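S.K.: How does the following fold in three dimensions:
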Amino acid sequence: LLSLPVVLVLSYFFLRRTPTSKSLAGAFLILLGCVLSGLRDVLNPNEHSSGGGAHPVYWYSTLFFIVAQLFLGTERVYEDYIFSRYKALHPMKMFCWTMYVQFFLYIFFLPSQTLSIFGGLDITEIPGVMLDGVRCTLGQGDLCDWKNTALFLSYCCVDFWCYFLGLYIISNFGAPAMAVASAVTIPIQQFVFCMPFLVGGFADSFYLSDLFAL
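M.R.: Take a look at the predicted model:
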């Protein structure tokens, strides 16, 4: 939820874009819907969730995710600034440079997996774990087959277009529009999680509060 107000505030201070009263009212309604979606277990105390609600929530995971939204909001405003400064910049080119930066940051942060809350791996285990991941992606190993390869390629395809379309929205409509689009997906995602095709205990229950959130 933090990404939306962060983008609005940073856009005001650094891009000199003042939100209209209509856009502020829309942002407030979106945040309210997201809050209702996030508090679904609190609002439905007598119901038993059959899906994701049964999983434990760790305070440090929530904290790291909150901090990540601050970085995400800053990144979107910075991308908006770059697009406004370099009018001819194609979103796909920005996308490629973003992938380069994320790849090298990923390598830089690999030692963090030695911390217990991130897996507690010994640093000497990391190369072997990475190799196992590559083999599983190729459908090799005792627990992996062609389904893992199909899921990986499907994820790459979806993630690619989501990121590219996000940059396209920022380049044409600005970072606030992208923040609104991202926030609006939260209640929609909750609705998708309730779809019956999510077999194997992954389907969740749909509550009246979810309808109000949508």
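S.K.: got the contact list for residue 35?
M.R.: Going by Cβ atoms under 8 Å, 6 or more residues apart in numbering, residue 35 touches residue 1. All C-beta spots, glycine's among them, are computed from the backbone N, C-alpha and C.
S.K.: Give me the most central residue, this structure.
M.R.: residue 182 (8.3 Å; Cα atoms, centre = their mean).
S.K.: neighbours around residue 159, how many?
M.R.: Per other Cβ atoms under 10 Å, the neighbour tally for residue 159 reads 10.
S.K.: Which phi and psi values does it adopt?
M.R.: Geometry field for residue 159 lists phi and psi as phi -60, psi -40, criterion degrees, to the nearest 10.
S.K.: Return the distance of it relative to residue 43.
M.R.: 32 Å (Cβ to Cβ, to the nearest Å).
S.K.: Look up how far residue 141 lies from the residue nearest to the residue nearest to the centre of the chain when sequence neighbours are not counted.
M.R.: What sits nearest to residue 182 in space, not counting adjacent residues and going by Cβ to Cβ, 6 or more residues apart in numbering, is residue 3, at 6.2 Å. Distance, residue 3 to residue 141, by Cβ to Cβ: 37 Å.
S.K.: ok, residue 122 touching residue 114?
M.R.: Yes: counting by Cβ atoms under 8 Å, residue 114 is a contact partner of residue 122 at 6.8 Å.
S.K.: Of these two, give the one with the bigger neighbour count.
M.R.: Under the neighbour definition other Cβ under 10 Å, residue 122 and residue 114 were set side by side, and residue 114 has more, 15 against 9.
S.K.: Name the SS class of the closest residue in space to that one that isn't next to it in sequence, please.
M.R.: Distance criterion Cβ to Cβ, 6+ apart; nearest residue to residue 114, sequence neighbours excluded, is residue 123 at 5.3 Å. Three-state call for residue 123 (DSSP: H, G, I helix; E, B strand; the rest coil): coil.
S.K.: Phi first, then psi, for the residue lying farthest from the centre of the chain.
M.R.: Of all residues in the chain, residue 142 has its C-alpha farthest from the mean position, at 30.6 Å, by Cα atoms, centre = their mean. Backbone torsions for residue 142, taken as degrees, to the nearest 10, come to phi -70, psi -30.
S.K.: Do you have the helices of this protein handy? List them.
M.R.: Applying DSSP state H to the chain gives helices spanning 3-14, 21-38, 40-43, 59-85, 91-108, 126-137, 146-173, 175-192, 208-213.
S.K.: avg pLDDT for stretch 33-44?
M.R.: For stretch 33-44, the mean pLDDT works out to 82.
S.K.: and if you look at stretch 90-97?
M.R.: 93.
S.K.: Ok, stretch 192-206 next?
M.R.: 78.
S.K.: Repeat that for stretch 118-136.
M.R.: 91.
S.K.: In it, which residues are buried?
M.R.: If you call a residue buried by 16 or more other Cβ atoms under 10 Å, then stretch 118-136 has these buried ones: 121, 136.
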